Every structure is written in C-alpha cells, then in structure tokens.
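Please find the sequence and the predicted model below.
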Amino acid sequence: MNSLTDTADLLVLRPGEPGYDEELAGFQTGFTQRPALVVAAASPADVAAAVRYAAERNLPVGVHATGHGLPGASEGGVLVSTRRMDRVTVDPDARTVRVQAGVRWGQVVAAAEPYGLAPLNGSAPSVGAVSYTLGGGLGILAREFGYAADHVRSLDVVTADGTPRHVSRASDPDLYWALLGGGHTLGIVTELEIGLVPVRRLYGGSLAFDGRQVDPAAVLRAYEAWTRTLPDELTSSFAAVPYPDIPALPPHLRGRHVVSVRVAYTGADGERLVAPLREIGPVLSDSLREMPYADSHTIHSDPDFPHAYYGDSAVLRELNVDRAAELLARTGPDADAMCVVQVNHLGGALARSAPNAVPYRDGRFLVRVLAVGDRDTARAILDPAFAPLAPDTLGRALNFAFGAGDRGEGLYDAETAKRLAAVKSQYDPANLFRRNYKITAL
C-alpha cells in the first residue's frame with residue numbers, strides 16, 4: 001500500500017490540516033499526542049487498512065474512541081479514531097447486544113431499555129463501551145453480575161498483521177482470554193457481542209454528608225462495617241470530594257468537602273438495607289429512591305464536560321480504615337490539587353473465576369484517586385497518599401490508572417502478566433500496539 005489516501009472515502013488527517021485537532025479531542029484533556037496520521041475509521045475495513053499501512057512501515061498504532069482513557073502510544077505513528085463506528089444492535093431473545101468500537105454506554109442503555117434489559121455499564125454514560133470492557137468493566141451492578149468482560153460472547157478484532165478476526169472462547173481461546181482484561185495491546189476491537197441482564201429498575205442514589213461536620217474517616221469506617229452485611233445484589237461505593245468555592249458549581253456544593261455513599265440495588269428492600277447509613281450523621285443530601293434503569297447515571301452524576309485528570313488505584317485484600325484515613329487526609333481540602341477519592345466494594349460475582357485476563361478477583365475493595373491539575377502535582381499527591389495502603393494492596397486496576405498508565409507494575413499478577421506476554425509475542429511480535437511500560441507484578 002503506497003498511501004492510505006488511495007483508499008476511497010477514507011478520511012486521513014495530518015498535523016496542521018483542518019479537522020486534525022478536532023479528531024484528537026476527547027474527554028481527557030490532560031494528555032495530547034501528535035500522531036503522524038489520524039485515520040477517521042467508519043468501518044472495520046478502514047481499521048484494517050490503517051493497521052496494514054502502519055505494519056508495513058513499523059509505525060506505532062493507537063486507538064481513540066470517546067477519549068475518557070488514553071490512546072496507545074501513537075506519537076509519530078497512526079491513531080485510529082473509531083467514534084464514527086457507533087452501531088448498536090440488540091437481540092432481545094438472546095439477551096445480547098452488538099456494539100461497535102465508537103459506541104458509548106448511554107446508547108446501549110437506551111437501546112436495551114425497551115426490552116427490559118440492561119448492560120453492565122459503568123457510572124458515566126459517555127464512556128466508550130468497548131475500551132471499558134477490554135479493561136475489565138467494573139459497573140454499577142458489578143457485585144451481582146461480575147465484570148462486563150465476563151459476559152462477552154465474541155469480539156471482532158484487527159490484529160497487527162491487518163487481519164480481521166472473529167474471536168470467541170471456542171475459536172481462539174488464548175486471544176479471547178487476553179483481549180478481555182488486556183486492553184488495547186493486541187489489536188483494535190471493532191465490535192463485540194456482550195450479554196445483557198434482565199433489569200428494568202433498581203433502588204439507588206447517593207447519601208451525602210458534609211465532610212466538615214462529619215469526619216470523612218468516620219463515614220468510611222461506618223461504610224466498611226456496613227458492607228460486611230450486604231447481599232451480592234447491592235453494589236456500592238464511598239466517595240470524598242472537596243469542591244472549590246466557585247460560581248460554576250451549585251450552591252449546595254460550593255466550598256464543601258462532600259462525603260457520600262452511592263448505592264445500586266436490584267432487590268425490593270433497599271430502604272431497610274440503607275437504614276444504618278442514615279445513622280452516620282446529619283445528611284447533606286439524599287437521592288436514594290426507586291428508579292428505572294435508564295436513570296442509573298444519576299447515582300454518581302459524573303461530570304460530563306472534558307477536563308484534565310490524573311490518577312491511580314489500588315486493589316485491596318482488606319480495607320484498613322486507619323490506613324485509608326491517611327489517604328483521605330492527604331487528598332482532602334488541604335491538598336495541592338482537587339482530588340476525588342472513590343472506594344468501591346468488590347466481592348460477590350466479581351470474585352468468581354472467568355476465562356479472561358481480569359486480575360485480582362480476591363480483592364475486597366478498590367481505592368481510586370483522581371487529581372485535577374498537572375501531572376507533576378498529581379504525582380506529588382498520589383504517591384504518598386497510596387503509600388499507607390501498601391500492606392493490603394494486591395495490585396492496580398488498568399481502567400483506573402488515569403495518567404499513571406505509563407507505569408506497568410502491579411497492573412497484573414505475575415502469572416497473568418506472563419501469559420499476556422506470551423499471547424502478545426504471538427499476535428503482535430513487532431509491538432505495533434505499543435505500551436509505554438513493561439508489565440510487572442508488584
């Protein structure tokens with residue numbers, strides 16, 4: 001192939017050309033790459049053409065959909081933008097959905113809802129469904145149903161040789177295993193088929209406290225004790241956010257250190273289960289209620305505007321609240337940047353084995369911290385904040401290494417890392433889909 005522009009109707013953009021910067025834009029504004037070419041793919045054939053072009057020239061290849069995460073290392077190479085590939089097809093009888101590479105979870109929720117079905121999506125409807133799932137997919141119903149990756153039936157992927165492949169557990173067990181949990185390191189997934197669950201409604205929302213009236217560590221201690229009493233049908237998280245005092249925020253959030261517990265429960269006795277939380281202290285706000293699943297994004301009410309964020313995570317075998325209190329203190333209102341702390345309760349179906357590379361299934365909690373601002377400031381906060389958790393840390397979570405994804409240590413346990421490396425050497429021996437790091441265990 002002499003040039004990608006020889007391919008009819010394929011939009012190829014170079015630095016300085018109209019549309020180049022717009023095609024690179026996404027939700028995450030803290031990281032920029034300057035690929036030599038941006039290929040705006042509208043079909044799997046476009047993706048295959050881009051990969052073949054790069055392979056012939058030994059150029060790195062990255063993929064970019066919604067921009068919540070980070071593209072692969074495509075600096076000076078080829079970045080494939082998949083946002084135009086946004087078809088969603090629901091099979092209500094099989095309880096499955098096929099989603100193309102550019103689809104966002106909000107589209108899938110809307111498509112499944114008329115059939116009384118729901119996907120295993122995350123908290124933000126603007127997140128890309130495919131990348132989320134390749135990183136595992138820890139959703140709002142995770143304790144009941146497991147990781148989104150556990151429900152994938154098949155994947156269509158273009159591997160480093162430019163070959164489109166239809167991959168299932170039966171047809172290609174090693175590649176199937178590695179794609180689900182391995183992220184975008186083995187090819188570009190153009191479509192996947194994933195199971196849906198029969199959920200029409202849930203009990204959910206957020207119970208928030210003013211962190212200056214109620215000690216955040218006391219809320220976390222009560223939350224940890226509460227999680228020991230819960231059925232698998234209830235998935236929850238703790239969060240602590242010190243909001244700045246700026247006019248852009250609603251009055252009830254300005255200048256407050258908001259500490260909250262978020263809940264999603266498919267059972268019928270939600271009010272009884274959350275009653276202990278209401279005894280923690282004075283409530284700042286209470287949105288707990290019955291809701292249709294289509295409203296589930298309101299549980300977390302994640303920001304929907306692009307911004308810069310850096311962060312990391314730790315999967316814990318146990319949550320030592322005294323150690324976690326040190327993290328809360330270092331990321332609170334006195335930190336050098338606004339930090340968002342989230343503690344996810346794991347276990348339940350997440351602990352079940354599955355034929356994929358999602359690691360650390362014996363973890364009981366996941367701690368995530370985002371820092372808003374520049375990378376150096378974030379690292380100066382995050383590294384010492386996570387240090388007290390080290391004795392209980394199993395590893396890190398790929399989907400929640402926001403800007404810390406250039407460090408490979410701890411993303412997988414030793415056995416999983418070794419197997420991933422073997423599959424990588426088979427399907428991408430030239431390392432076309434390049435990592436910025438070497439995968440190692442902690």
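Everything's here; your move. Treat the numbers as computed from the prediction; the structure is a model and nothing was measured. Numbering: from 1, shown residues only.

drop to CA atoms for contacts and neighbour counts, all remaining ones
Noted.

the strands in the stretch 101-250 of the chain, which residues?
152-158, 164-168, 188-195, 201-210, 234-242 (DSSP state E, counting those that start in this stretch).

residue contacts, the closest residue to residue 63 other than its chain neighbours?
Once flanking residues are discounted, residue 63 sits nearest to residue 80: 4.7 Å by CA to CA, 6 or more residues apart in numbering. Neighbouring residues of residue 80 by CA atoms under 8 Å, 6 or more residues apart in numbering: 38-41, 47, 50, 61-64.

cool, residue 137 as well?
Taking CA under 8 Å, 6+ apart, we find residue 137 in contact with 120-122, 147-149, 399.

Now do the helices in this protein.
With helices called from DSSP state H, the chain shows them at 20-24, 44-57, 105-112, 129-134, 142-145, 173-182, 216-227, 270-274, 321-330, 375-386, 414-427.

Quantify the burial of the residue lying closest to residue 280 once chain neighbours are set aside by counting its neighbouring residues.
With CA to CA, 6+ apart as the criterion, residue 280 has its nearest non-adjacent residue at 6.7 Å, and that residue is residue 219. Neighbours of residue 219 under the rule other CA atoms under 10 Å: 22.

next one: residue 189
Using other CA under 10 Å, residue 189 is surrounded by 27 other residues.

could you list every residue that touches the nearest residue to it once chain neighbours are set aside?
Excluding the flanking residues, the one nearest residue 189 by CA to CA, 6+ apart is residue 157, at 4.1 Å. Residue 157 sits next to 164-167, 187-191 when contact means CA under 8 Å, 6+ apart.

and residue 157, bridged to which residues?
residue 165, residue 189 (DSSP bridges).

Residue 197 and residue 117 touch, don't they?
Yes - at 5.5 Å, residue 197 counts as touching residue 117 under the criterion of CA atoms under 8 Å.

Between those two, tell me which one has more neighbours.
residue 117 (22 against 16).

and the residue nearest to the more buried one when sequence neighbours are not counted, how many neighbours does it have?
Once flanking residues are discounted, residue 117 sits nearest to residue 198: 4.6 Å by CA to CA, 6+ apart. When counting by other CA under 10 Å, one arrives at 14 neighbours for residue 198.

ditto for residue 95
If we define neighbours as other CA under 10 Å, then residue 95 has 18 of them.

related to what we said a few turns ago, so how far is residue 427 from the residue nearest to residue 63?
19 Å (CA to CA, to the nearest Å).

now the stretch 1-150 of the chain, which segments are flagged as low pLDDT?
Within the stretch 1-150 of the chain, the ranges that satisfy pLDDT under 70 run 1-3, 5-8, 70-73.

Equivalent analysis for the stretch 301-442 of the chain, please.
If you take pLDDT under 70 as the line, the stretch 301-442 of the chain has these spans: 404-406, 435-442.

Show me the strands in the stretch 301-442 of the chain, by range?
310-316, 339-345, 365-371, 393-395.

With mean neighbour count and distance to residue 105 added, can I get those strands in CSV?
Formatted as CSV, these follow (neighbours: other CA atoms under 10 Å; distance: least, CA to CA, whole Å):
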stretch, mean neighbour count, distance to residue 105
strand 310-316, 25, 22
strand 339-345, 22, 20
strand 365-371, 24, 21
strand 393-395, 24, 27
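
so which of those strands gets nearest residue 271?
Residue 271 sits nearest to strand 339-345 of all the strands of the stretch 301-442 of the chain, at 19.0 Å, using CA to CA.

who does that closest one touch, helix- and strand-wise?
Applying 3 or more CA pairs under 8 Å, 6 or more residues apart in numbering; DSSP states H and E, one finds that strand 339-345 makes contact with strand 234-242, strand 365-371.

Need the contact partners of it.
Contacts to strand 339-345, defined as CA under 8 Å, 6+ apart, come from residues 227, 235-242, 328, 331-332, 364-372.

Give me the angle between that strand and helix 216-227.
Counting by axes from the mean of the first three to the mean of the last three CA atoms, to 10 degrees, strand 339-345 points 20 degrees away from the direction of helix 216-227.

chain center to strand 339-345: distance?
How far strand 339-345 lies from its chain's middle: 13 Å, per CA atoms, centre = their mean, to the nearest Å.

Parallel or antiparallel, list what pairs with that strand.
Strand pairing for strand 339-345, determined by DSSP bridges: strand 234-242 (antiparallel), strand 365-371 (antiparallel).

Next, the angle helix 321-330 makes with it.
Relative orientation of strand 339-345 versus helix 321-330 (the same axes, to 10 degrees): 160 degrees.

and the residue nearest to residue 302 when sequence neighbours are not counted, what is it in contact with?
Distances taken as CA to CA, 6+ apart put residue 124 closest to residue 302, at 5.9 Å, once the chain neighbours are dropped. For residue 124, the contact set (CA under 8 Å, 6+ apart) comprises 105-106, 297, 300-302, 304.

before we move on, back to that, is the residue nearest to residue 63 in a bridge, and if so with what?
Bridge pairing for residue 80 - DSSP bridges - gives residue 39, residue 63.

got the buried residues for stretch 251-259?
Neighbour-count burial for stretch 251-259 flags 253-254, 256-259 (criterion: 16 or more other CA atoms under 10 Å).

from the residues you listed, which is closest to residue 214?
The closest of the buried residues of stretch 251-259 to residue 214 turns out to be residue 259 (CA to CA; 8.6 Å).

what's the burial count for residue 131?
Residues near residue 131, counting by other CA under 10 Å, number 29.

for the nearest residue to it once chain neighbours are set aside, what are its contacts?
Excluding its sequence neighbours, the residue lying closest to residue 131 (CA to CA, 6+ apart) is residue 183, at 6.9 Å. Residue 183 makes contact with 131, 134-135, 398, according to CA under 8 Å, 6+ apart.

wait, doesn't residue 220 sit right on residue 321?
Yes - using CA under 8 Å, residue 220 makes contact with residue 321 at a distance of 7.0 Å.

any idea how far the closest residue to residue 44 other than its chain neighbours lies from residue 138?
Counting by CA to CA, 6+ apart, residue 44 lies nearest to residue 190, which is 6.0 Å off, once chain neighbours are set aside. According to CA to CA, residue 190 stands 21 Å off from residue 138.
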